[in-house]
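Asker: sequence unknown, structure follows:
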């Protein structure tokens, strides 16, 4: 049939029982349920022949959560940004017709009045500064030499997220190839404790045709520092830096609906885009929770 997809396995990506997930990626399915089912059925048969322990198949997933995964399900009218899933609006329904159901939900929130949120964070930020916490911004020319630092910290900061798998440093570097051209001063920022040890990182960028919009693509602090006030102080630092450069809107991007990051905005953000990862049992039936 017309269209194509890729069936693949990553032995490092496993469910709670230790079984590998099957994956369907590079989805280019026709808007035809019959033809799509034929493609999906052939891919599922191949996965079953490769690995009999597979219980659940994820779609779309292209190896791991570091690379392209999820479908956009709402927000198609919003302008895209690098790293955001973009797909035909009918594709989620087509996956449902092929036996898939939502596995996880993700969202992007937009802050239309970031100055008000900065003011709310500022008292906590002032306290953290008095205690000796600081922030170091990286310029584009220094990105390459700071990527090993960002890699080590990312593994610790994001290691507890669902579907996380460790990524070799070489692969991490490849993900950021060419990012130095997009990275403005302060696009990559490290949060540090009074002893100078890295405790968190934030990666943000603007697009040339939308200079008033900031996209906060990655943000996090070490799990053991959550609840300390560091996240609020760190966000205040980022907002202060970028609002001084003319930013008027901030987009907190691609957050899992259950992440603490979705609450950083104190309810001030509006959901402007939604995404879903889908799943189904390899043998059919109801989709995995």
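Answerer: In hand now; what should we look at? As the structure is a computational prediction, the values presented were derived from the model and not from experiment.

Asker: tell me the buried residues in stretch 93-102?
Answerer: Neighbour counts over stretch 93-102 (16 or more other CB atoms under 10 Å) mark 94-95, 98-100, 102 as buried. Bear in mind the C-beta positions are built from the backbone N, C-alpha and C, glycine included.

Asker: any idea how far that stretch is from the chain center?
Answerer: 22 Å (CA atoms, centre = their mean, to the nearest Å).

Asker: can you pull out the strands in the stretch 151-289 of the chain?
Answerer: Assigned strands in the stretch 151-289 of the chain, in chain order: 188-192, 198-207, 210-221, 249-256, 270-281 (criterion: DSSP state E, counting those that start in this stretch).

Asker: out of those strands, which comes closest to residue 61?
Answerer: Residue 61 lies closest, by CB to CB, to one member of those: strand 270-281, at 7.0 Å.

Asker: quick one: contacts of the closest one?
Answerer: 55-61, 69-75, 78, 84-85, 92, 95-96, 98-110, 112, 163, 251, 254, 287-288 (CB atoms under 8 Å, 6 or more residues apart in numbering).

Asker: returning to that earlier point: got CSV for the strands of the stretch 151-289 of the chain, with mean pLDDT and mean neighbour count too?
Answerer: Formatted as CSV, the strands of the stretch 151-289 of the chain follow (pLDDT from 0 to 100; neighbours: other CB atoms under 10 Å):
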stretch, mean pLDDT, mean neighbour count
strand 188-192, 96, 22
strand 198-207, 95, 21
strand 210-221, 95, 19
strand 249-256, 96, 21
strand 270-281, 97, 20
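
Asker: the contacts of strand 270-281 in helices, which ones?
Answerer: Filtering the contacts of strand 270-281 for membership in helices, criterion DSSP state H, returns 92, 95-96.

Asker: about what we covered before: mind giving me the PyMOL command for buried ones among the contacts of strand 270-281?
Answerer: A single PyMOL command selects the buried members of those (16+ other CB under 10 Å):
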select buried, resi 56+57+58+59+60+61+69+70+71+72+73+75+84+85+92+95+98+99+100+102+103+104+106+107+108+109+110+163+251+254+287+288
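
Asker: now, the contacts of strand 270-281 that are in strands?
Answerer: Mapping the contacts of strand 270-281 onto strands (DSSP state E) picks out 56-59, 71-74, 101-110, 251, 254.

Asker: which residues of the protein score low on pLDDT?
Answerer: Within the chain, the segments meeting pLDDT under 70 span 1, 284-289.

Asker: could you find the residue nearest the spatial middle of it?
Answerer: residue 254 (4.5 Å; CA atoms, centre = their mean).

Asker: which strand residues bridge residue 59?
Answerer: Counting by DSSP bridges, residue 59 forms beta bridges with residue 278.

Asker: contact partners for it?
Answerer: 23-25, 27, 95, 100, 277-280.

Asker: could I get the residues you listed as JSON lines with distance to residue 199?
Answerer: JSON lines is the format used below for the contacts of residue 59 (distance: CB to CB, whole Å):
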{"residue": "23", "distance to residue 199": "33"}
{"residue": "24", "distance to residue 199": "37"}
{"residue": "25", "distance to residue 199": "34"}
{"residue": "27", "distance to residue 199": "38"}
{"residue": "95", "distance to residue 199": "39"}
{"residue": "100", "distance to residue 199": "39"}
{"residue": "277", "distance to residue 199": "29"}
{"residue": "278", "distance to residue 199": "35"}
{"residue": "279", "distance to residue 199": "34"}
{"residue": "280", "distance to residue 199": "39"}
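
Asker: for those residues, which one is nearest residue 125?
Answerer: Set against residue 125, the nearest of the contacts of residue 59 by CB to CB is residue 277 (34.3 Å).

Asker: hmm, back to that, which residue sits closest to the residue nearest to the centre of the chain, ignoring its sequence neighbours?
Answerer: Leaving out its chain neighbours, the residue that sits closest to residue 254 by CB to CB, 6 or more residues apart in numbering is residue 106, at 5.7 Å.

Asker: which residues does that neighbour contact?
Answerer: Residue 106 sits next to 70, 254-257, 274-277 when contact means CB under 8 Å, 6+ apart.

Asker: dump those to JSON lines, plus distance to residue 197.
Answerer: Listed next are these as JSON lines, based on distance: CB to CB, whole Å:
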{"residue": "70", "distance to residue 197": "33"}
{"residue": "254", "distance to residue 197": "27"}
{"residue": "255", "distance to residue 197": "26"}
{"residue": "256", "distance to residue 197": "27"}
{"residue": "257", "distance to residue 197": "31"}
{"residue": "274", "distance to residue 197": "36"}
{"residue": "275", "distance to residue 197": "34"}
{"residue": "276", "distance to residue 197": "37"}
{"residue": "277", "distance to residue 197": "34"}
